[in-house]
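*Asks:* Mind folding the following:
(2 chains)
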Amino acid sequence: MNILFYLAAGIAIITTLRMITGTNAVHSLLYLIVSLLSVSVIFFLSGAPFIAALEVIIYAGAIMVLFVFVIMMLNTGRDGVRKEHELLKASTWVGPGITSAILFGEMLYMLLTPSFHPMNRPGIPPAAVGALLFSRYILIVELAAFLLAAGIIGAYHLGRIEKRSHHRYLKKEEAAL
Amino acid sequence: MTIPMEYGLWLAAILFCIGLAGVLVRRDVIFMLMSVEVMLNAAGLAFIVGGAARGSADGQVMFIFILAMAAAEVSVGLALIIQLYQTFKTLDADSAGGLNG
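*Replies:* From the prediction side, this is the model:
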């Protein structure tokens, strides 16, 4: 039990340190994803399997994919293709690969040991979280909906790339359109 | 049998400090945004561990709100990064120092 926690905590600290000390954005992103996965293992051990699943799906899945999209958008062209070739080398993925293999081993161990199976573990059931979310915290749920709507509109507005014309005459013409 | 609360809180504090150091030290905007994610995640870890120790579901509810906030923050932040790159052709945060005024 405790050795699982120490292993996941050690992986979280090491991969986060590698993340902030890296120079390549994609390498750091891989380490950040492994760090989020190890924190998800700790959530599972603390009796919050629902939150552990949310962490993997939303944090390590959706939000990190946004980062990947933007990083890929920012370096395009021939330089980007050369970088892609560099990323396929073993030195890129061997660190994140080994650490996530350790986490995978932990997951297999927990699934195969009956006392660790999610059905048998004590903890707070997701139903209690949902009931609390939509009774006492209903106002904050609505405020979070406002925040997400504002985030969508803000991202759309800020993310538009304006076309720049360097000719004064063309600029006047484009403004008229 | 769950993990002791102190160790979970220590881990949250360590991760938060690493993220804070990342924000303060790095000058690349993408790295700063990733470090902010680490800090938010550490705060969520503290909520979960504290909620598990008290046996209440409030910590998990708070983590869901942190998740929603992080999603909104990342989408706006990445849009700002794209605009910064379009304007200055660099990701250095110091290049935007002339924005004041």
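
*Asks:* Check chain B for the residue nearest chain A and tell me.
*Replies:* Chain B approaches chain A most closely through residue B:72 (3.1 Å), counting by CB to the nearest CB. C-beta: built from backbone N, CA, C; applies to glycine.

*Asks:* Chain neighbours aside, what residue packs nearest to that residue?
*Replies:* Spatial nearest neighbour of residue B:72, chain neighbours left out: residue A:151 (3.1 Å); criterion: CB to CB, 6 or more residues apart in numbering or on different chains.

*Asks:* The one you found - how many residues pack around it?
*Replies:* Other residues near residue A:151 number 20, with proximity taken as other CB atoms under 10 Å in any protein chain shown.

*Asks:* For it, what are phi and psi?
*Replies:* Torsion angles at residue A:151 (phi, psi; degrees, to the nearest 10) stand at phi -60, psi -40.

*Asks:* Identify the residues contacting it.
*Replies:* B:71-73, B:75-76 (CB atoms under 8 Å, 6 or more residues apart in numbering or on different chains).

*Asks:* Over to residue B:5?
*Replies:* With CB under 8 Å, 6+ apart, residue B:5 has these contacts: B:49-50, B:52-53.

*Asks:* Identify the farthest-apart pair in the residues you listed.
*Replies:* B:50 and B:52 (7.3 Å; CB to CB).

*Asks:* picking up where we left off before, what's the closest of the contacts of residue B:5 to residue B:15?
*Replies:* Closest to residue B:15, out of all of the contacts of residue B:5 and judged by CB to CB, is residue B:49, at 11.8 Å.

*Asks:* Not counting its neighbours along the chain, what's nearest the closest one?
*Replies:* residue B:8 (3.3 Å).

*Asks:* Now do that neighbour: how many residues are near it, please.
*Replies:* 24.

*Asks:* That one: which element?
*Replies:* Per DSSP states H and E, residue B:8 falls inside helix B:5-25.

*Asks:* mind exporting that helix as PDB, just the C-alpha atoms?
*Replies:* Listed next in PDB are the C-alpha coordinates belonging to helix B:5-25 (Å, rounded to 0.1, in the frame of the first residue of the first chain):
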ATOM      1  CA  MET B   5      -2.800  12.800   5.200                       C
ATOM      2  CA  GLU B   6       0.500  14.400   6.000                       C
ATOM      3  CA  TYR B   7       2.400  12.700   3.200                       C
ATOM      4  CA  GLY B   8      -0.200  13.700   0.700                       C
ATOM      5  CA  LEU B   9      -0.100  17.300   1.800                       C
ATOM      6  CA  TRP B  10       3.700  17.300   1.700                       C
ATOM      7  CA  LEU B  11       3.600  16.000  -1.800                       C
ATOM      8  CA  ALA B  12       1.100  18.700  -2.800                       C
ATOM      9  CA  ALA B  13       3.300  21.400  -1.200                       C
ATOM     10  CA  ILE B  14       6.400  20.100  -3.100                       C
ATOM     11  CA  LEU B  15       4.600  19.900  -6.400                       C
ATOM     12  CA  PHE B  16       3.200  23.500  -5.900                       C
ATOM     13  CA  CYS B  17       6.700  24.800  -5.100                       C
ATOM     14  CA  ILE B  18       8.200  23.100  -8.200                       C
ATOM     15  CA  GLY B  19       5.500  24.700 -10.300                       C
ATOM     16  CA  LEU B  20       6.000  28.100  -8.600                       C
ATOM     17  CA  ALA B  21       9.700  27.900  -9.300                       C
ATOM     18  CA  GLY B  22       8.900  27.100 -13.000                       C
ATOM     19  CA  VAL B  23       6.700  30.200 -13.300                       C
ATOM     20  CA  LEU B  24       9.400  32.400 -11.700                       C
ATOM     21  CA  VAL B  25      12.400  31.000 -13.500                       C
END
